[in-house]
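**Q** next input, structure requested:
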Amino acid sequence: MDYSYFVGIDVSKLTLDIAILNYEGKLVEPPIVVENTSDSFGALIELLNEKVGDLSEVLFCLEPTGHYSNLAVSELLNKDFSVWLASGATIQRSIGLTRGKNDKTDACRIAEYAFRFSDKVSLVAVKDFQSQQLRELLSQRESYVATKAGYVAQIKDFKGFVSDKSYQTIRELNIQLIESLTAAINQIEAKIESIILNEQQLKRQYDLLQTIPGVGKILAQTFIASTAGFTRFNNPRSFACHAGIAPFVYTSGTSIKSRSRVTHRANKRLKSLLHLAALCSIRVKGELREYYIRKTSEGKSKMSVLNAIRNKIVQRIFAVIKRNSSYNCLELS
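**A** As a prediction, this is how the structure comes out:
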């Protein structure tokens with residue numbers, strides 16, 4: 001689609017700095033600032049109607065800044081506007097080396113990026129926003145689980161090393177916190193499941209993934225959230241790169257060579273979950289356990305074999321989704 005206007009939005013906690021470019025890449029007016037609230041969007045839309053007219057020809061571009069940008073994206077999507085979440089690093093690379101920085105300048109740079117690269121636009125869909133909700137809930141769940149584990153560890157660690165009275169007080173308080181966190185975790189998990197189960201396609205994917213040995217509820221939910229219902233990644237290799245489990249060769253000329261290794265620039269949460277899935281799969285009878293035993297007996301390092309198993313799990317996940325059928329060891333081997 002050809003756009004006539006390009007709106008760059010620089011998001012902060014309290015405000016939105018907004019720059020509007022026309023089809024020639026020129027500012028319609030100096031950048032403006034509005035509050036990052038629902039009420040402000042009504043005034044913003046009125047202003048755009050005055051300055052632009054047909055809002056179907058407007059491309060809104062902003063950086064994904066976590067929950068601070070959620071309101072802006074939600075409001076724009078609810079009005080069926082074209083929204084582009086562009087990576088901050090990509091925008092910066094397109095600009096090159098610059099000096100100085102402020103929010104109004106950033107808004108202009110985001111609008112300029114949208115103007116220059118509108119032919120490469122990747123619009124946000126409702127499903128993408130739904131996936132973001134899942135990622136946020138999963139992240140909060142992870143935080144609660146880690147905090148709960150800390151309180152459980154304290155109960156065990158303090159025993160015998162503090163006075164009995166202090167220990168009883170600490171134990172009772174920690175148990176209360178653990179129970180509270182457990183209830184919160186259960187609520188979050190129920191909300192995550194309700195989002196997935198209320199969407200027929202996501203529910204189908206969720207059920208299929210859990211037929212794969214080693215894939216449990218949390219890993220299945222994380223895959224659905226990370227891939228936006230398997231629309232963000234075309235193949236298991238690209239996802240393996242995203243998760244940091246795809247080894248790459250590092251060479252330069254004839255003098256610099258190193259063994260293949262995975263990158264540290266990856267989704268570490270996904271990598272960790274896949275590692276746990278690999279560990280689970282080699283503890284029970286099956287093809288992956290036999291593969292692990294065979295390869296380690298041949299002298300392969302345990303970590304490299306586990307990484308290969310992580311990749312096998314990813315391949316099986318994409319296979320069941322592509323075939324839209326549950327896992328069958330004979331078919332997918």
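**Q** list the buried residues of stretch 87-104.
**A** By 16 or more other CB atoms under 10 Å, the buried positions in stretch 87-104 come out as I91, D103. Using the backbone N, CA and C atoms, a C-beta is placed for each residue, glycine as well.
**Q** please apply the same query to stretch 236-245.
**A** P236, F239, A240, C241, H242, A243, G244, I245.
**Q** repeat for stretch 145-157
**A** Across stretch 145-157, burial judged by 16+ other CB under 10 Å covers K148, Y151, Q154, I155.
**Q** now do that stretch, average pLDDT.
**A** Average pLDDT, stretch 145-157: 96.
**Q** ok, stretch 266-284 next?
**A** Across stretch 266-284, pLDDT averages out at 92.
**Q** run the chain-centre distance for it.
**A** 17 Å (CA atoms, centre = their mean, to the nearest Å).
**Q** so who does A266 touch?
**A** By CB atoms under 8 Å, 6 or more residues apart in numbering, the contact set of A266 is C241, H242, A243, G244, I245.
**Q** helices - which of the residues you listed land there?
**A** Mapping the contacts of A266 onto helices (DSSP state H) picks out C241, H242, A243.
**Q** just give me the neighbour total for the residue nearest to the second one when sequence neighbours are not counted.
**A** Yep, that's H242 we're talking about. Counting by CB to CB, 6 or more residues apart in numbering, the nearest residue to H242 once its immediate chain neighbours are dropped is N267, at 5.8 Å. Residues near N267, counting by other CB atoms under 10 Å, number 16.
**Q** hmm, I245 and N267 touching each other?
**A** No: N267 is beyond contact range of I245, at 9.9 Å (criterion: CB atoms under 8 Å).
**Q** break this structure into its domains for me.
**A** Per automatic domain parsing, the structural domains of the chain span 5-124, 127-196, 217-332.
**Q** follow-up on the earlier one: max pairwise distance over the contacts of A266: which two?
**A** H242 and I245 (9.1 Å; CB to CB).
**Q** now do the strands in the protein.
**A** With strands called from DSSP state E, the chain shows them at 5-11, 15-21, 32-35, 58-62, 82-85, 248-252, 256-261.
**Q** how far off centre is stretch 194-213?
**A** 18 Å.
**Q** what residues does that stretch touch?
**A** By CB under 8 Å, 6+ apart, stretch 194-213 touches 130, 133-134, 137, 215-217, 219-221, 223-224, 229-230, 281, 284, 286, 288, 313, 316-317, 320-321, 324-327.
**Q** likewise for stretch 215-232?
**A** By CB under 8 Å, 6+ apart, stretch 215-232 touches 125, 127-128, 130-131, 134-135, 138, 189, 192-193, 196, 199, 201-202, 205-206, 209-210, 233, 239, 242, 267, 269-270, 273-274, 276-277, 280, 313, 317-318, 321.
**Q** and S143, how far is that from G150?
**A** 11 Å (CB to CB, to the nearest Å).
**Q** do N307 as well
**A** 29 Å.
**Q** same check, this time on I188
**A** In terms of CB to CB, I188 sits 18 Å off from G150.
**Q** and H242, by the same measure?
**A** 29 Å.
**Q** so, low pLDDT: which residues of the stretch 201-333 of the chain?
**A** 248-265, 329-333 (pLDDT under 70).
**Q** ranges for the helices of it?
**A** Counting by DSSP state H, counting those that start in this stretch, the stretch 201-333 of the chain has helices at residues 217-227, 236-243, 268-281, 287-297, 302-323, 329-332.
**Q** ok so, going back, of the contacts of A266, closest to S40?
**A** H242 (34.7 Å).
**Q** and that closest one, how far from L59?
**A** Look at H242 and L59: by CB to CB, they are 26 Å apart.
**Q** same question for E46.
**A** Separation of E46 from L59 (CB to CB) stands at 19 Å.
**Q** neighbour-wise, which of the two wins?
**A** L59 (23 against 10).
**Q** how deep is the closest residue to the more buried one other than its chain neighbours tucked in, by neighbour count?
**A** Spatial nearest neighbour of L59, excluding adjacent residues (CB to CB, 6+ apart): Y3 at 4.3 Å. Counted by other CB under 10 Å, the residues lying close to Y3 total 19.
**Q** so Y3 sits against C61, correct?
**A** No: in this structure, Y3 is not within contact of C61 by CB under 8 Å, at 10.1 Å.
**Q** now for the two: what residues contact both?
**A** Taking CB under 8 Å, 6+ apart as the contact criterion, the residues that touch both Y3 and C61 are A114.
**Q** now the residue nearest the centre of the chain: how far from C280?
**A** The residue lying closest to the centre of the chain (CA atoms, centre = their mean) is S226, at 4.8 Å. As judged by CB to CB, S226 and C280 stand 19 Å apart.
**Q** how about L123?
**A** For L123, the distance to C280 equals 38 Å [CB to CB].
**Q** can you pull the contacts of S12?
**A** Neighbour list for S12: N36, T65, Y68, D103 [criterion: CB under 8 Å, 6+ apart].
**Q** just the buried ones among those residues, please.
**A** Among those, the ones that count as buried by 16+ other CB under 10 Å are N36, D103.
**Q** ok, so of the contacts of S12, who is nearest S163?
**A** Looking across these and measuring by CB to CB, the closest to S163 is Y68, at 45.8 Å.
**Q** perfect, I'm done here.
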